[in-house]
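*Asks:* Here is a sequence with its predicted model. Questions after.
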Amino acid sequence: MTTRREFIKQSGILSSALLLSPSMLAKSKYKLGLQLYTVNEAMKANVGETLKKVASLGYQEVETFGFNKMYSGLEPKAFKQILDDNSLTTSSGHYELNKYIIGKTDDDLKRYVDDCIVGAHILKQDYIVWAWLNPELRSIEKFKMIAAKLNMIGEQVKKAGLQLAYHNHDFEFINHNGEMGYNILLNDTDADLVKMEMDLYWASFASPLTPNEWFIKHPKRFPIWHLKDIDKVNRELHTVVGEGTVDFKSIFKGEKMAGLKHVFVEQGNNYVPNVFDCITRSAAYTKRELL
C-alpha cells in the first residue's frame, strides 16, 4: 500500500518533471525512422544485432532497401519477426524497380512489382519506393518514359492497397535546355498514384527550388522525407542531422503542405567517428528539435 508520504513524494517528482521538461511527455506525431542503407555494412554482418541496436537508440521504424524476394538476405516473414522482436515497424521500402526497365518488358516489371507487393504486405509497409535511376535513364525523353512507368506501377500498387513513391537524388534537378526531370516526374504522373519521397539533402543541395517551394507547388505530394544533412566543410559529404547546413526547422514549417507522414534519418557516408555514434546524435537532435 502506498503511504501518504510516498504519494506526496511521487506527486512531487511528477510535478517537477512537468515543470522542468514538458516536452518529455509530449507525443510526437511521427515515428522516429531510420533508412537502413545508413547501417548497410552492419546489416550485412548481422541483421538481428543491428536492428536490436537501432531500436535501443530510440528508432521506432525503419525503411528497408533492396529486394529480390528477400530483405537483407532474409525471407520477408523472417525479417518481419526480427522487427517484431525489437518493437520496430517498417512503413516504407526502397525497391529496385530501375532494374526492370532496360532490356525488360512491362510484363517483367509487373511481375517484379507483384513480388514487391507480397513482401510489402508481409512487412505491413504502406509505401513501395522507386529509389534510383541508372545514368542511361536520366535524359528528358527517359524521364517522360519513367513518368509513364510510374503511373502504370502506381495503379498496380494502388489496387493492392499500397502507395507508390519516388525518391529523388540530384540528377532529377539538372537543367536540360529549360526542362527538368523532377518537373516531368511531378507533372506527368497522377498525384493519387505517385507520391514523392523527398531527400532533403539533395533537395537542398541541387534543386533550384527550396523544399518548401516544392511543397507549395505540389501540395500533399511529399508524405515521406529523408532527414539527411550537408557537411559544413565539404557539402558533397553527408553529416549528422542537425550538425550541417540544412535548415530542417524551416522545412518542417511546411509539413502540412507537404502532407508529411513519415521521416527517416539517413546518412550515407562521412561517419565520424562511426556510424552508430552518428545515428545516435541524429536521433537525439531529431527527437529534441524536430519531432
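*Replies:* Structure received. Numbering: from 1, shown residues only.
*Asks:* In terms of secondary structure, what does the longest helix seen in the chain contact?
*Replies:* The helix spanning the most residues in the chain, taking DSSP state H as the definition, is helix 140-159. Where contact means 3 or more C-beta pairs under 8 Å, 6 or more residues apart in numbering; DSSP states H and E, helix 140-159 is packed against helix 106-123, strand 127-130, strand 163-167, helix 181-187, strand 194-199. C-beta: built from backbone N, CA, C; applies to glycine.
*Asks:* The same query, at a cut-off of 7 Å, please.
*Replies:* helix 106-123, strand 163-167, helix 181-187, strand 194-199 (3 or more C-beta pairs under 7 Å, 6 or more residues apart in numbering; DSSP states H and E).
*Asks:* buried stuff in the third one?
*Replies:* Within helix 181-187, the residues that count as buried by 16 or more other C-beta atoms under 10 Å are 181-182, 184-186.
*Asks:* now the helices: where do they sit in the stretch 151-291 of the chain?
*Replies:* With helices called from DSSP state H, counting those that start in this stretch, the stretch 151-291 of the chain shows them at 181-187, 200-205, 211-217, 248-252, 255-258, 275-285.
*Asks:* Could you give the average pLDDT over whichever helix or strand Asp84 is part of?
*Replies:* Using DSSP states H and E, Asp84 sits within helix 76-85. When pLDDT is averaged along helix 76-85, the result is 98.
*Asks:* And that helix, what's buried?
*Replies:* Buried, per 16+ other C-beta under 10 Å, within helix 76-85: 76, 79-80, 82-83.
*Asks:* between those residues, which is nearest Phe264?
*Replies:* Distance to Phe264 across the buried residues of helix 76-85 (C-beta to C-beta) is lowest for Leu83, with 14.7 Å.
*Asks:* Touching, the closest one and Thr90? I think so.
*Replies:* Yes - assessed by C-beta atoms under 7 Å, Leu83 is found in contact with Thr90 at 6.2 Å.
*Asks:* Tell me if Glu63 really is in a helix.
*Replies:* No - counting by DSSP: H, G, I helix; E, B strand; the rest coil, Glu63 is not found in a helix; it is strand.
*Asks:* Run through the residues that contact it.
*Replies:* Applying C-beta atoms under 7 Å, 6 or more residues apart in numbering to Glu63 gives the contacts 33, 35-36, 90, 92-94, 264.
*Asks:* Report the two of the residues you listed separated the most.
*Replies:* Farthest apart among those by C-beta to C-beta are Gly33 and His94. That separation is 12.7 Å.
*Asks:* The two: which is more packed in?
*Replies:* Under the neighbour definition other C-beta atoms under 10 Å, Gly33 and His94 were set side by side, and Gly33 has more, 26 against 22.
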